[in-house]
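>>> only geometry, no sequence info:
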């Protein structure tokens, strides 16, 4: 650990020989067993690409309101597009941020027998006033997908699994990029930029605007700051990796505190997850690691499903109630009925492939 509250790992160690690679894997396993979060350097993302992404984000949020609302996510049954300030919720409370959500570019599924989570598949909404946004996001997506795959192979080896364990069980990855702006608040008390939560998938790579704090991670029952480190991503694991290791690796609560007005803050999380129809089977850990597995977190208000599509749909319906009400009222009603008849949602779906 450095003076920072999270460990710093250098991905380039994987290319510096056997001993350096082994050290990286040991540090990776320790960081995500103990904390669930770390800083990652050595990703090969250039300062030029960072600057282009940052500039595109600033340009998007500077567009006239009408241009942003033309691609508002309430017009997308797939939860894509722009969310105005106050349009998203965490733990039922309003998040003070605006954002654009971008996922895999696909045709919508019109098969009436398709599973519920297939409703997440569909086209993105791109701003006509800013055609260059699509190009830089595509480049960002492709580079970070490579970083994510490299990390997952290192995790697999560090947990005693074959290097291609995650490749075999991922299918075509479900990715999501959020370009987020946190406006400043002038209230005397901290405001919820985004409320405390755990990510629903496997892996998140977070880029934060240089010099802008606000991210906090829960450690040992208290909130600690995770300020940006130049040239580094903040990386955390999600609920599915906790599930796959039966709690040896841990998904950790985190939140963002709004900046003080007139300041604001840009961040870009990249979520790398399995195909919607894939389940992550449990990893058979070596005995010394299995002895330290804590079991999957049991929270009746937040069930963890092995099938990624169920986890993703759960999160989307909760976070965007306006989209859910307009396009998926049948799913909302069915879930409310099921919760009422059972006294709450099931805690964990433990089925595996």
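That came through, no problem. Predicted, not measured: the structure shown is a model, and the values here were computed from it.

>>> can you pull out the helices in the stretch 251-353 of the chain?
287-290, 308-319, 321-327, 329-342 (DSSP state H, counting those that start in this stretch).

>>> In JSON lines, list those along with mean pLDDT.
JSON lines is the format used below for those (pLDDT from 0 to 100):
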{"stretch": "helix 287-290", "mean pLDDT": "97"}
{"stretch": "helix 308-319", "mean pLDDT": "89"}
{"stretch": "helix 321-327", "mean pLDDT": "95"}
{"stretch": "helix 329-342", "mean pLDDT": "82"}
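
>>> To residue 279, which of the ones you listed lies closest?
helix 308-319 (7.4 Å; Cβ to Cβ). Where C-beta positions appear, they are placed from N, C-alpha and C, glycine not excepted.

>>> and for the closest one, what are the contacting residues?
Helix 308-319 has contacts (Cβ atoms under 8 Å, 6 or more residues apart in numbering) with 79, 88-90, 115-120, 174, 200-202, 239-240, 273-280, 303-305, 323-324, 328, 331-332, 335, 349.

>>> what's the answer for stretch 212-222, then?
Outside stretch 212-222, the residues that reach it (Cβ under 8 Å, 6+ apart) are 5-6, 35-37, 182, 193, 196, 206, 208, 223-228, 234, 236, 252-259, 263, 265-267.

>>> quick one: which of the residues you listed sit in strands?
37, 182, 193, 196, 206, 208, 223-225, 234, 236, 254-257, 265-267 (DSSP state E).

>>> Moving along the chain from whichever strand or helix holds residue 101, name the first helix or strand you hit.
Per DSSP states H and E: residue 101 is located in strand 98-102. Later in the chain than strand 98-102, the nearest helix or strand by DSSP H and E is helix 132-158.

>>> circling back: need the buried ones from the ones in strands among the contacts of stretch 212-222 selected in ChimeraX.
Per 16 or more other Cβ atoms under 10 Å, the buried members of the ones in strands among the contacts of stretch 212-222 correspond to this ChimeraX selection:
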select :37,182,193,206,208,234,236,254,255,256,257,265,266,267
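
>>> Could you list which residues are in contact with residue 78?
Shown in contact with residue 78 (Cβ under 8 Å, 6+ apart): 103, 108, 119, 120, 121, 122, 123.
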